[in-house]
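Student: Predicted coordinates and the sequence they were generated for:
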Amino acid sequence: MSDKITGRTRGGAEWVPEFVTDLNAETCIGCGRCYKVCPRDVFNLVERGDVVDMEDDDFYDEDDEMMVMTIVNADDCIGCVACAKVCPKNCHTHEAAAA
């Protein structure tokens, strides 16, 4: 098994960054908190219908399209997990990466 990517704090403590791998558009409410806190522009706000099949949604109204977050620049994620810390719906999935 390979080692995980590690970082160091200013004080020298080692930590393992966990990079965003998925965002659940089904539970996302489009609040924008993850977008605002992300230092690397990993997320973008899009119409829910662009990422979720709305045909099965009983409450879907084409004239009242809800916005949700999506991952657009996953390679720019630095693994700080700030997005997950501010998300009220726990939409984000993170994983450590191999070195």
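Tutor: Yep, that arrived.

Student: Can you give me the neighbour number for residue 70?
Tutor: 17 (other CB atoms under 10 Å). Any C-beta I mention is one placed from the backbone N, CA and C, and that applies to glycine too.

Student: show me the contacts for the closest residue to it other than its chain neighbours.
Tutor: Counting by CB to CB, 6 or more residues apart in numbering, residue 70 lies nearest to residue 46, which is 5.0 Å off, once chain neighbours are set aside. Residue 46 is in contact with 67, 68, 69, 70, counting by CB atoms under 8 Å, 6 or more residues apart in numbering.

Student: at 7 Å instead, please
Tutor: By CB atoms under 7 Å, 6 or more residues apart in numbering, the residues touching residue 46 are 67, 68, 70.

Student: Toward the C-terminus, what is the element adjacent to the helix or strand hosting the last one?
Tutor: It refers to residue 70. Secondary structure assignment for residue 70, by DSSP states H and E: strand 67-71. Proceeding N to C from strand 67-71, the next assigned helix or strand is helix 82-86, under DSSP H and E.
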